[in-house]
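Asks: Give me the fold of what follows.
(chains A and B)
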Protein chains: 2
Amino acid sequence: MKHTISILLENRFGAFDRVANLFSGKGFNLHSITIGETEIKDVMRMTIVTSGNDQIVEQVLKQLNRLVDTLKVVDLSDHARTERELALISINYQKGTLEELKNICDIFRGKVVDINNKSIMMEITGPPAKINAAVNVLMPFGIKEMARTGTVALKRGEQINIQKNEV
Amino acid sequence: MKHTISILLENRFGAFDRVANLFSGKGFNLHSITIGETEIKDVMRMTIVTSGNDQIVEQVLKQLNRLVDTLKVVDLSDHARTERELALISINYQKGTLEELKNICDIFRGKVVDINNKSIMMEITGPPAKINAAVNVLMPFGIKEMARTGTVALKRGEQINIQKNEV
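Replies: Residues are numbered from 1 along each chain as shown, chains lettered A, B, ... in the order given. Presented below is the predicted three-dimensional model:
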């Protein structure tokens, strides 16, 4: 099963290493990793998408919780969540294909962020499955280069049910 | 100086560890790390934004080049490039502040991706400096949670100068 693990981590020397080392030698398939700043100074959020045996994932979560650098560890797979990813995709074009590429970009609500005489660069964002779909459609045109951020995710806010007579 | 380093990496067991270990103990300030899929099967692109002594960065680049897992290492700081980042930001709101938050989201060309009775979640993309600006504007409202992907970057295509008489 695929797991999306969110870790709040102190931006301390070697913290990143210590987390990476936990995942090594465990037979994990790492799909993506992102580490970015948070709303708190010197605290980073690491989001790891991995697939592996559920028991092993649980074991790693426990070990992560025990690291001095981790402030919070959540397996978001258990929660309603919003997942997003960003991709920069550079595609070769010839005369006649540019309009088609522009249309595909529009369909995926992407943005053209660079163009020259030979290639066009798009920025596409969305859930990882949407990025996969865009890559599949663009592949036949000749993808020159691609950089995907990997997934970030946040728990969705709890929906509070308001009684009808309160409205 | 800030460096944006792009590494093409085989998605091999422990590759991620070996790269992480190179950066440890070197006194680097890691600003962000992303690892995502590329256009090539089993090849990942790692983008590291770091600041540190230029000489040490050069030394690490050489060591990265020597790792069996790395296929290509580029310091994009030397090139014209497009940098992008995505942030999911969840903000508390009270009666009366929702319209203001919606306006801020529009100004940053963001998208509202979740809302409940207490909080609103936005997706904002752009160069890292734009995300910083959005965070600064949203901070006074009370950021509940935030997940930033960290920076991805691609070299801009070379601009080929066409002679005037060729057009």
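
Asks: in chain A, which residue is closest to the centre?
Replies: residue A:151 (0.8 Å; Cα atoms, centre = their mean).

Asks: Would you confirm that that residue contacts residue A:30?
Replies: No - contact between residue A:151 and residue A:30 fails when scored by Cβ atoms under 8 Å: they sit 11.5 Å apart. Any C-beta I mention is one placed from the backbone N, CA and C, and that applies to glycine too.

Asks: Spit out the residues that contact these two alike.
Replies: residue A:49 (Cβ atoms under 8 Å, 6 or more residues apart in numbering or on different chains).

Asks: Three-state assignment for residue A:117, please.
Replies: Following DSSP: H, G, I helix; E, B strand; the rest coil, we place residue A:117 in the coil state.

Asks: For it, give me the backbone phi and psi.
Replies: For residue A:117, the backbone dihedrals (degrees, to the nearest 10) come out as phi -70, psi -10.

Asks: Just the pLDDT at it, thanks.
Replies: At residue A:117, the model reports a pLDDT of 90.

Asks: Okay, it and residue A:95: tell me how far apart.
Replies: Using Cβ to Cβ, to the nearest Å, residue A:117 is found at 11 Å from residue A:95.

Asks: Between the two, which is the more surrounded one?
Replies: residue A:117 (11 against 5; other Cβ atoms under 10 Å in any protein chain shown).

Asks: In contact with residue A:33, which residues?
Replies: Per Cβ under 8 Å, 6+ apart, neighbours of residue A:33: A:46-49, A:150, B:16, B:33-35.

Asks: which of those lies closest to residue A:82?
Replies: Distance to residue A:82, by Cβ to Cβ, is smallest for residue A:47 among the contacts of residue A:33, at 12.0 Å.

Asks: could you point out which element follows the helix or strand that contains the closest one?
Replies: Element membership for residue A:47 (DSSP states H and E) is strand A:43-51. The helix or strand immediately downstream of strand A:43-51 is helix A:54-66, counting by DSSP H and E.

Asks: Contacts (any at all) between chain B and whatever helix or strand comes next after that next one?
Replies: For helix A:54-66, the following helix or strand on the C-terminal side (DSSP H and E) is strand A:70-75. No - figure legend: strand A:70-75 not in contact with chain B (Cβ under 8 Å from any Cβ of the partner chain); closest approach 10.5 Å.

Asks: so strand A:70-75 versus helix A:54-66, what angle?
Replies: 160 degrees (axes from the mean of the first three to the mean of the last three Cα atoms, to 10 degrees).

Asks: List the buried residues of strand A:70-75.
Replies: Going by neighbour count (16 or more other Cβ atoms under 10 Å in any protein chain shown), the buried part of strand A:70-75 is A:70, A:73-75.

Asks: Can you tell me which of the residues you listed is closest to chain B?
Replies: Nearest to chain B among the buried residues of strand A:70-75 is residue A:74, at 10.6 Å by Cβ to the nearest Cβ.

Asks: How far off centre is stretch A:77-89?
Replies: 5 Å (Cα atoms, centre = their mean, to the nearest Å).

Asks: Tabulate the CA atom coordinates of that stretch in PDB.
Replies: Output of stretch A:77-89 as PDB, limited to C-alpha atoms (Å, rounded to 0.1, in the frame of the first residue of the first chain):
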ATOM      1  CA  SER A  77      -2.800   7.700   4.400                       C
ATOM      2  CA  ASP A  78      -5.200   7.300   7.400                       C
ATOM      3  CA  HIS A  79      -6.800  10.700   6.900                       C
ATOM      4  CA  ALA A  80      -8.800  12.800   4.400                       C
ATOM      5  CA  ARG A  81      -6.100  14.900   2.800                       C
ATOM      6  CA  THR A  82      -5.200  17.200  -0.100                       C
ATOM      7  CA  GLU A  83      -2.200  16.100  -2.100                       C
ATOM      8  CA  ARG A  84      -0.500  18.300  -4.600                       C
ATOM      9  CA  GLU A  85       2.600  18.200  -6.800                       C
ATOM     10  CA  LEU A  86       4.200  20.600  -9.300                       C
ATOM     11  CA  ALA A  87       6.000  19.600 -12.500                       C
ATOM     12  CA  LEU A  88       8.200  21.700 -14.800                       C
ATOM     13  CA  ILE A  89       8.100  20.000 -18.200                       C
END
